[in-house]
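Novice: need a structure here:
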Amino acid sequence: MRNNDEKEEHAFLWVTALESALDEEISLEELRKLCSGRLIPEKLRLRVWKRLLGISNQHLESLRLDEEFNLPDQEALRDNCKEYLGNDNGENLPLIYKFELLLTNICKSNKCIYDPKKKWHSVLETLMGIDASNAEIVETFSCIYDLYLPKHLDGLKACNNFFRLLLLYHDPELCSVFDNNKIDIGQFCADWFLTLFATSCSLEATQSLWDMCFIIGDPYLAFFIALVLVVNMRDQVLEIQREEPEKTIESLVSMPGQLESSDVLDLYSLVIFYEVITPQSFRKLFHEKMFGESEASLEQHFTAAELDTKHIPLSQSLCLPVTVSELVDSLQNPDETKLKFKLIDCRPYGSTSSGHVPGAVILDCNVLLQDPTVFNTLTETIFKSPDDKEAPSEHYCFMGTGRHADDGELNMAISYFLQRKKQHVSVLVGGFSALHDAIIHNEEGNISTLTLTGHDAQRCHYCTSSNGTLADEISEALDLQKKEEEKKSRPTSFFGSFLPSRSLLFQKPLLGPANLPSTNLIDKIFSYVGLEEEKETVPKVRKPRSNNRKDAKPYRNMPGVFSLNDDESESEDELKNDSSQFISEWLRRMDLIGSFECDEIDEKGRQFPSFLMITKTHLFCLRKCPTDKDSATITLQKDLKSVFKITSKKRHPEILTFKFGKANSEGSYVVDDCSRFYVPNAGDASKAVKMQIISLNAEAKQDGQSD
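Specialist: Here you go, the predicted structure:
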């Protein structure tokens, strides 16, 4: 009994202190601190909200509502009010009039078009639940709309996609349930973000949730509230997944309705917990997409890589991004930051001269293509702590080169870990290129202790990439490629196809700290699998030849990365290489997937202006005629099913090498042709080819199942 009396007395004293603080007009920071972790009493809620939202009484006194109902969509607004409130009897007419008046002034105040899909009636009803004048309601609504709500439906889509990334970061298994059952996250959470839970919660619970959001002053708090609610329902979702998806959606939509005002304080501690252990780079990168404009505190500076990420649709993001500044802050001040990253360096072989970040784990993603079983064994140590236990508290930041053409294997590695339900997976914005520039140039002057070990400025291609002409770079790239191909001829053994060569392991470890592994470790790996040196037969530059060469040899005895398990004949009519073609007619072809201007590179390094044409089933190269801009001859025609591999060099990502082949009767893949092109939009061209091959593969599997 005494404890209850003490609690009531303490609550009374706090309310008195809050009322005095409002009268004294203390600073906003002091007010937030005073209200932190508490629910605002109903009699003071309006005053506190006005202070937290920056609404002054002087402004309200000068505000006059416009009573002219003259919006372009006024009839639709009025009908929507009647539908929401009901127009069966005359008792609702005053309320309908008030709703229409307030919504009309809100639209005029924010200079926006009324959209019934935004469900503003629920937000308005929550505000009408406090003792406020019409002017106070309009101004409070406008501030909430400006700070906390998506401005348009594209912003809502961005909010839904961001929430999916947030769920993927903290609970990839739960996220995969939605993905595998084709449940769009927006189907149950879109209304939460559109109305700050006003459509789903009771009036008292909604007002308490708004207390928490306004006190902290964070527009992203709604996403962490949603995260806690969904994760709290995890067991039910995992059970429901076996039933119809509609039942899962209905359960999730109704879930916030179970919240009571007294539950909000318990919810608050969980929300803050998840917010603290989440990378915060999304605030800088995604704010404009979600809320329509950049935060004032974040719009001073964007790096080129961050600007590039800003313009990529959230739906195409593989995982949460981390900016270089956030990563550097964590690596430099591990004891001061609550988020500790383990950096996973996924750059391809040959990046040692550019340096390494001390403590980073080096992971050769090429092994994933060569032997996934070995890759899985090697990567298990990433998710183990020194005492050989799972380390779920660690946060893994994957780093590629920063060039889209070189980071295909990085994306495969990230997908590999996410498919295995690994938590806290993120990717570094701009890759090593951005990190290199930040450390070496230190333009912002905020890097004091972080260095690159093994960095050689004379050999580092990030430091020297601007030297030389384009022709020199292409010539140098071709020379280096030929030299590397000559070095790849070496003895092989039975185990040669399962791991990279012994010499390769010495030059760049498959997995380990930034320094090279000891020879004892290498000896143990090789003695375990009985590995000796391998032999790799790489074809020379493409020459016209038959696809049925008898001297063709298996490429590493591995199946094609993009091969299709089907021996269908080519659907295109055979075209002669010397036949004249009109480029304009090709560009109008109905089956054309993509076209890319390029230079075809022959075996002597000569360049010929050309077009790469990708149809639904074939890859063509049309070499331009020097005397007629619209004329061309076909120099390459390949079935997309014969594309074995697409590669590019890290220093010259614009040079694409296409390797062609087919599976033989023994299951090995035979490489029988090779073509090189200089493609300015190499990343887009490579992606277009791969996506079409994946599409063909899916169709072939579907046809096989139907048969």
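
Novice: where does the protein have its least confident helix or strand?
Specialist: helix 502-507 (a mean of 35; mean pLDDT, DSSP states H and E).

Novice: state the mean pLDDT of stretch 99-119.
Specialist: What stretch 99-119 shows for mean pLDDT is 92.

Novice: what does that stretch rub up against?
Specialist: With contact meaning CB atoms under 8 Å, 6 or more residues apart in numbering, stretch 99-119 is reached by 65-67, 69, 71-74, 76-78, 80-81, 84-85, 120-121, 124, 134, 137-139, 141-142, 145-146, 149, 151, 153, 191, 194-195, 198-199. The way it works is simple: take the backbone N, C-alpha and C, and place the C-beta from them, glycine included.

Novice: what about the residues you listed, which are in helices?
Specialist: 74, 76-78, 80-81, 84-85, 120-121, 124, 134, 137-139, 141-142, 145-146, 153, 191, 194-195 (DSSP state H).

Novice: filter those to the buried ones?
Specialist: 77-78, 80-81, 84-85, 120-121, 124, 137-139, 141-142, 145-146, 191, 194-195 (16 or more other CB atoms under 10 Å).

Novice: now the strands for this structure?
Specialist: 320-322, 341-345, 361-363, 395-399, 425-428, 511-512, 580-582, 592-601, 607-615, 618-625, 628-639, 643-648, 655-663, 669-678 (DSSP state E).

Novice: show me what the longest one is packed up against.
Specialist: Using 3 or more CB pairs under 8 Å, 6 or more residues apart in numbering; DSSP states H and E as the contact test, the elements touching strand 628-639 are strand 580-582, helix 583-587, strand 607-615, strand 618-625.

Novice: what angle separates it from strand 655-663?
Specialist: Counting by axes from the mean of the first three to the mean of the last three CA atoms, to 10 degrees, strand 628-639 points 40 degrees away from the direction of strand 655-663.

Novice: thought residue 291 was touching residue 155?
Specialist: Yes: here residue 291 reaches residue 155: they are 6.4 Å apart, a contact under CB atoms under 8 Å.

Novice: which one's more surrounded, these two?
Specialist: Each of residue 291 and residue 155 has its neighbours counted (other CB atoms under 10 Å); residue 291 has more, 21 against 18.

Novice: and the more buried one, what does it touch?
Specialist: By CB under 8 Å, 6+ apart, residue 291 lies in contact with 149, 150, 151, 155, 219.

Novice: wait, doesn't the third one sit right on residue 292?
Specialist: Spelled out, it's residue 151. Yes: because the distance of 3.7 Å satisfies CB under 8 Å, residue 151 is recorded as touching residue 292.

Novice: so what's the residue lying closest to residue 314 once chain neighbours are set aside up against?
Specialist: Counting by CB to CB, 6 or more residues apart in numbering, residue 161 is the residue found nearest to residue 314 once chain neighbours are left out, at 3.7 Å. Contact partners of residue 161, counting by CB under 8 Å, 6+ apart, are 313, 314, 315, 317.

Novice: turn these into a markdown table, columns for pLDDT.
Specialist: Shown next, in a markdown table, are the contacts of residue 161 (pLDDT from 0 to 100):
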| residue | pLDDT |
| --- | --- |
| 313 | 76 |
| 314 | 82 |
| 315 | 81 |
| 317 | 87 |
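
Novice: among those, name the buried ones.
Specialist: The neighbour count (16+ other CB under 10 Å) marks 314, 317 as buried among the contacts of residue 161.

Novice: got JSON lines for the contacts of residue 161, with distance to residue 592 too?
Specialist: JSON lines is the format used below for these (distance: CB to CB, whole Å):
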{"residue": "313", "distance to residue 592": "24"}
{"residue": "314", "distance to residue 592": "29"}
{"residue": "315", "distance to residue 592": "25"}
{"residue": "317", "distance to residue 592": "28"}
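
Novice: measure how buried residue 636 is and give me the count.
Specialist: Neighbour count of residue 636, defined by other CB under 10 Å: 22.

Novice: give me the pLDDT for it.
Specialist: 93.

Novice: right, and residue 334 touches residue 343 too?
Specialist: No: in terms of CB under 8 Å, residue 334 does not count as a neighbour of residue 343; the distance is 11.9 Å.

Novice: more neighbours: which of the two?
Specialist: residue 343 (24 against 12).

Novice: what sits closest to the more buried one if chain neighbours are left out?
Specialist: Among residues not flanking residue 343 along the chain, residue 360 sits closest, at 4.1 Å (CB to CB, 6+ apart).

Novice: model confidence for that neighbour, exactly?
Specialist: Looking at residue 360, its pLDDT is 89.

Novice: phi, psi of it?
Specialist: phi -70, psi 150 (degrees, to the nearest 10).

Novice: could you report the distance from it to residue 456?
Specialist: If you measure residue 360 against residue 456 using CB to CB, to the nearest Å, the figure is 17 Å.

Novice: go on, residue 656?
Specialist: 28 Å.

Novice: neighbour count winner among the two?
Specialist: A count of neighbours by other CB under 10 Å puts residue 656 above the other of residue 656 and residue 456, at 25 against 12.

Novice: mind listing what the residue nearest the centre of the chain touches?
Specialist: In the chain, the centroid-proximal residue (CA atoms, centre = their mean) is residue 317; its distance is 2.0 Å. Residues near residue 317 by CB under 8 Å, 6+ apart: 161, 165.

Novice: start and end of stretch 394-413, how far apart?
Specialist: Counting by CA to CA, to the nearest Å, you get 18 Å between the two ends of stretch 394-413.

Novice: okay, buried residues for that stretch please.
Specialist: Across stretch 394-413, burial judged by 16+ other CB under 10 Å covers 394-411, 413.

Novice: filter those down to the ones in helices?
Specialist: Members of the buried residues of stretch 394-413 lying in helices (criterion: DSSP H): 408, 409, 410, 411, 413.

Novice: out of those, who's nearest residue 697?
Specialist: Nearest to residue 697 among these: residue 408, at 16.6 Å, using CB to CB.

Novice: find me the pLDDT at the closest one, would you?
Specialist: pLDDT, residue 408: 79.

Novice: how about the residue nearest to it when sequence neighbours are not counted, what does it touch?
Specialist: Setting aside the residues directly before and after it, residue 408 is nearest to residue 686 in space (CB to CB, 6+ apart), at 7.4 Å. Neighbouring residues of residue 686 by CB under 8 Å, 6+ apart: 405, 408, 646, 648, 656.
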